[in-house]
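Visitor: fold the following.
(2 chains)
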Amino acid sequence: MKFKKTASILSAVVLFVTAFSGCGAKNVNSDYNDKDVKKLSSQTVAETDRLRLDFHYEVLNPDIMNKRQEINEISVTDKVTGKVWSNLIKDEYGKYKSASGLNISVQSMDTYQAGGADGGTFYELMRDKNGDVIYDEDYNQKFTEILRIGSEKIKNGVKLTYYFMNYKISVPVSYYLEDDSLKISVESSEIKEGDPNYRLVYVNPSPNMFRVSDQSEDGFILLPVGNGAIMETKDTVELEKEYHEGPSNFVALDTGDDINLPQTARMPVFGLKDGNDAMFCIAEESSGAMGFTATTGSRNSDYAKVTPNVYLVDYDYTLGRSKDSGYIRQLSERTNNRITIGCYFLENENASCRGMADCYRKYLEKNGFIQKTEFADSPYAVDILGGVMATKSVLGVPEKRLMTLTTVNRAKYIVEDLQKLTSYNPTVCLSGYGKTGINYGEIAGGLTVSSKLGNKKDIEAIEKYASSKKIPLFFDFEMSKFSESGKGFGYSADSAKTAILHSADKYFKNVPLGIADPNSEYRILARGKQGEVVKKVLKATDKFGISGINLSSLGSIAYADYNKSKVYSLATKTESENRDYIAQMRKSKKAISGKASAYFAAGLLDAVFDLNVDEDIHFSMKNEVPFYQMVFSDVTPLYSNSVNVAANPEKVLANAAASGMGISFTLIDEFDVSYMETNVGKLYACSYGASKDRLKHYVDTFADVYNATKGSRIVDYVVDDNNVSVTTFENGKVVYANHSSVCVDTAIGKLNGYEFKLRGADQ
Amino acid sequence: MKDEAGEDIAFEGALGIFVDHDKTIYVCDTDNFRVLIADQNGNVSDVWEQPDSNLYPDDLLYQPSKITITEKGYTYILILGGYYGALLYSPEHEFLGFYGSHTVTASALDTLTYLWNRLTQTDAKKAASAKKLPFSFVDLCLDSEDYVLTCTEASPDDPDNGTGQIRKLSPTGENIMFKRQTDGSSLSADSINFVEQKVVEKFGKLRKQNIVSLDVDENDFIYALDSQKGLVYVYDDECNLLCGFGGGYDNAKRIGIFDSAVALCICGTDVLVFDNDNKCITVFERTEYGNLLVQAQSAYLDGEYLTAKPLWEEINRRNKSCQLAYRGLAIAYLSEGKYEKALEYAKNGLDYTVYDLAWKAVRNKFILNNFVWIFLVVVALVGGLIAFVIIAKKKHLVLIKNEYVKTALSLPTHPFKSFEEIKTKNKGSVIIALVILLLYYLANVLQAVGSGFLATNVVVHRYNTGYTLLKTVGIVLLWTVCNWLISSSFEGKGRFKDVLIATTYSLLPYVAFIYIKVILSHVLSLSGLRILDAIGTVVLIVTFYILCIAIMSAHEFDFFRFLLTAFVSVLFMILVAFVIFVVIILLQQVGNFFTSVFTEILYR
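Guide: Purely as a prediction, here's the structure:
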């Protein structure tokens, strides 16, 4: 009886704690203080050979109620060109226009805390004192009574602290010069939140600094969408365009995928060109937490601009919807990471995509992200698929089982045949040779090669052959996505957690329909467990004698994980951890490749597969630019995503030739009609027997251009009105590619639809 | 556009435009209740307004939304929200009336509800009640022979995406589009769903698909635009889906998918789609593969199977998943007399008609080549059987000595006598009953997974014997229990064992028939199988007849009492099934509750 009573009390306590613990978690600093605000007078706060950083303080209309306006302007002057980049906007008479020095995003917690389903309104910015929601307004001008700005001198710069008095939130933003670059930095640990009813979600440091006049003739914004894309900034008021991108590949942050972004940014950068000047910005710290909004042709301003949003807390959509149709978001604890955006200033011919690529390249080299490796280079790569999970009826009972697509022995035959057929060595990736084939199952395919697909002897044979012919060969291991427990990794226990500590369930998404396939749920391995997988992958590959490893996971560039929120929140440390894993594999003398790899992997790999070259472009973009290729093309062999030999491969070939990349094909040994029900899009049109003639044709068409440009950097890339791109390589070779289906005249004669031609350095 | 005086004419909110072969432009100026007719330079030469005709109803606001004109000059105009059909004008612009309206379909329940409301409602209520109106067309176009094709939006009354969204109208306004099924039969387009089967739920609301625009290309292939998902569906004129593309689901910013697709137009082989939110027109060019597919399917529909063959071969080489290619190749091989190949491809393409024809040819060829042997074997078998029967009669041979088995096997031919013996002489056996039940279950499994291709449409790899177990053994046992319980309360004499034996023994002819059918399904053609199905119906009737006798005999009921108990038993079965269903759901919910509590504890 006593036991029963104790048990029931304990159960009640557990249920109570379960139901209510963690709800409305707060991160309130009691030391918020807007009384003793320091003020700095106007002065030059820092100067280098190239740049000068000025702070300007002024009070306009000091005695007129509601018109009093405090000016706290930060401006950086490029002494080479005289161009001034300012965080506030002036009109043609030099009068300050409405502009904010810092935007923040606040969530009201009051209604949520009451537990009502209608609560938790998420304000994009703030409310004014009358309770009206305001968007993109100037706190400096209109709401001085609710905003104070403190300023103080720091080393090589100035620190502005914005006190949002209604919400008792203060955010310090530092501006300082370092090595001819401007750093804009927010030290999250110094942010104060004094009201438990309001939580800070993200900040837009200096939202008006990154702007270009919409009168600038050839002005543009470079965005890291896909391989890189351009938004034109010339005044097009009737065509106001906006592009929004969330934090890069934040897999645990947001369980709802955006179907607009089949391929998220691989580089945390953006650039702006204005006349002969350009600014190139890199999220140097907390890059995994940065998203941005780019706007051109705005009716409300004379500028096109990029607004970087840096998230300070994670949130979850899971709690339902508010009455104004907005989502109620449950917020995590605030991260205390430092946020830094580095701004680099370019002029004349460097004020271009190429100049920005050079700038980024230098940054990556300086920080050890590029390490040139000597590796056999080939005009084409093949991704040979091992197996696929399909439903089969066993004695009338349906059962999912691994169906063979290509055994290791058949893969060897295909590679041998390809070599004879095309007279080039292909770069080879063997995918889906684990327990569940190309479908997600245990982590890293169960760290084995399925006995159905091959044994150690078979692998040794193909490895030996590849080694003798100097064919780059990689076995693919998916180190982050999994859908089954096994090999010491639990599906529930070891998956990455969202802000409210739920496992981040992910689904394959049907892009046209925009819906998730509930039969394809998978999870992401907790960040803390990745090191363990790397060790196990190395051990497994040693056991099978595998010399090359392809890590699909390196394509997922950053993900938050709240298993250890202090360590991994908002995708911190991804770069350094992945670099460590790559170094660890290098020590084991393994060749390494990755799929659609992020910036911190691309320069360190032996090959990068699956780079998107389809015209998968956003409406707001003028065209794509091979910015990623401009940065990495002479460091690592780069290969396009698989050419669809059934449809219009010429288009992909033209794009690849213009980007200085190799092409790739997905192959299986033979097709069986029973695969139709597997719903694996990859199996479309990739039967080797049926497609080898076309494959040979495309490789032959492509090889000359590739061989002439391989290992050479792209130094210029221009697209004309006829949609013909002209790519100039460092070795003097120029590739003309027609990206349209109609025949057009070019400087080197007529180009048929999707045709590409090479012009040598001597021509 | 300018009027005769050179003044600008505004036509904001215009919803339709048409350019005829003389390059005259017709604009449906919807908000201004008129159609503007202008030359290429935009000079308006004529304005059509609401027709002055008794045929035009007073309650219909003249807001033209779409217009199309035939080669002969007949004009069709759609009116916004009008459910009378399209306005038809003669080449002389004389209003001829309405054309091709939908009709309201009403179920028996609708009629009863209507009558009930008429009897019970007050005049005020009657006036306020909503009338069920036919759906209005939202777009129309003409094919190469000037037939009118229309599309209709989804009905709010339908629980799903509905059917018959696309129609092709005869001069009398009837839908003449049909789909040729793979088993040779035809299905009216009114019963075909031209969009996805499943309605997607988003933000707690069902998002039904709406075909809002359509056009045809030079091959009369139909391109239909769904505004909900932004998908473009391409159908041939026999309602075969060739492909679907686009998409975006009101959240699209990438080129090639749509935020708010509202109109579609064919320009040569290009497909133009207008996205209202993104303010752009996306032009889709046909790929090389697309050209192949269109050419091949056109030739296939024209009956030029051999012309289409190389095209299908190329398509099959490029895309092994294309079912149309398997069908095209199957019929091409059939035309060439390569029946084995035709069988292989027809099977992959699930084309029952071609498979049947090829199979008949293969079978006839086999019979012709081996006629002597087959004849001799049949004669020997029949002769042997007759001889055996004569000898057995003369020598009084007893093949089956077990009385229980004998009784069971004699049941189909002597049901009264057999059940009498079971009842009075206790010649029924539970073991035999269970064996029959097992055989019944196995017969059903075998029928699903072991029948010939023509006799099965079950996707074998998804077939689950568990469901068959429920459908066979489960139902027999449920019937046995329910009938036993109900009959007991109606003073039935039968025990549980008696009801089980009666029910299972009655199934014997049907079980035997299934096994015979499975064997014959590997030999017979479609026509043979249809005869077999007819025989199957007769066998089923016989089985029910035997079941009646069996149950009457087991409980010693007269026919009416049997009918009454059988009816109540069936009701009781439904009730029991419902209770089981509810219990399962409850258990599932309890399970989910504990799982979520466990998960929460795990997460905290």
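Visitor: got the phi and psi for the residue of the stretch 151-300 of chain B found nearest chain A?
Guide: Closest approach between the stretch 151-300 of chain B and chain A, counting by CB to the nearest CB: residue B:247, at 2.5 Å. Just so you know, the C-beta spots here come from the backbone N, C-alpha and C atoms, and that holds for glycine as well. Taking degrees, to the nearest 10, you get phi 110, psi -160 for the backbone angles of residue B:247.
Visitor: next, count neighbours for residue B:243.
Guide: Residue B:243 has 14 neighbouring residues, counting by other CB atoms under 10 Å in any protein chain shown.
Visitor: if I pick the residue most central in space within chain B, what's in contact with it?
Guide: Centroid-nearest residue in chain B, with CA atoms, centre = their mean: residue B:192, separated by 6.7 Å. Residues counted as contacts of residue B:192 (CB atoms under 8 Å, 6 or more residues apart in numbering or on different chains) are B:163, B:164, B:179, B:239.
Visitor: still on that earlier bit, confidence score at the residue of the stretch 151-300 of chain B closest to chain A?
Guide: pLDDT, residue B:247: 82.
Visitor: which residues does residue 450 contact?
Guide: Here I'm looking at chain A. A:386, A:387, A:402, A:433, A:434, A:435, A:437.
Visitor: um, chain B though
Guide: Per CB under 8 Å, 6+ apart, neighbours of residue B:450: residue B:518.
Visitor: phi and psi next, for it.
Guide: phi -120, psi 0.
Visitor: ranges for the strands of the stretch 1-150 of chain B?
Guide: Along the stretch 1-150 of chain B, the stretches classed as strands by DSSP state E, counting those that start in this stretch are B:16-19, B:25-29, B:34-38, B:44-48, B:64-69, B:75-79, B:86-89, B:95-99, B:137-142, B:148-152.
Visitor: which elements pack onto the fourth one?
Guide: Here strand B:44-48 touches strand B:34-38, going by 3 or more CB pairs under 8 Å, 6 or more residues apart in numbering or on different chains; DSSP states H and E.
Visitor: contact partners for residue 476?
Guide: I'll assume chain A. Counting by CB under 8 Å, 6+ apart, the residues that residue A:476 touches are A:383, A:429, A:430, A:431, A:432, A:433, A:445, A:550, A:551, A:552, A:595.
Visitor: sorry, I should have been clearer: chain B.
Guide: Contacts of residue B:476 by CB under 8 Å, 6+ apart are B:437, B:440, B:503, B:504, B:507.
Visitor: and the first one, what is it in contact with?
Guide: Contacts for residue B:437 (CB under 8 Å, 6+ apart) come out as B:472, B:473, B:476, B:504, B:507.
Visitor: quick one: which of those residues is most hemmed in?
Guide: residue B:504 (28 neighbours).
Visitor: is it true that that residue touches residue B:433?
Guide: Yes: contact criterion CB atoms under 8 Å: residue B:504 and residue B:433 qualify, at 4.1 Å.
Visitor: JSON lines for the contacts of residue B:476, including secondary structure?
Guide: As requested, those are exported to JSON lines (DSSP: H, G, I helix; E, B strand; the rest coil):
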{"residue": "B:437", "secondary structure": "helix"}
{"residue": "B:440", "secondary structure": "helix"}
{"residue": "B:503", "secondary structure": "helix"}
{"residue": "B:504", "secondary structure": "helix"}
{"residue": "B:507", "secondary structure": "coil"}
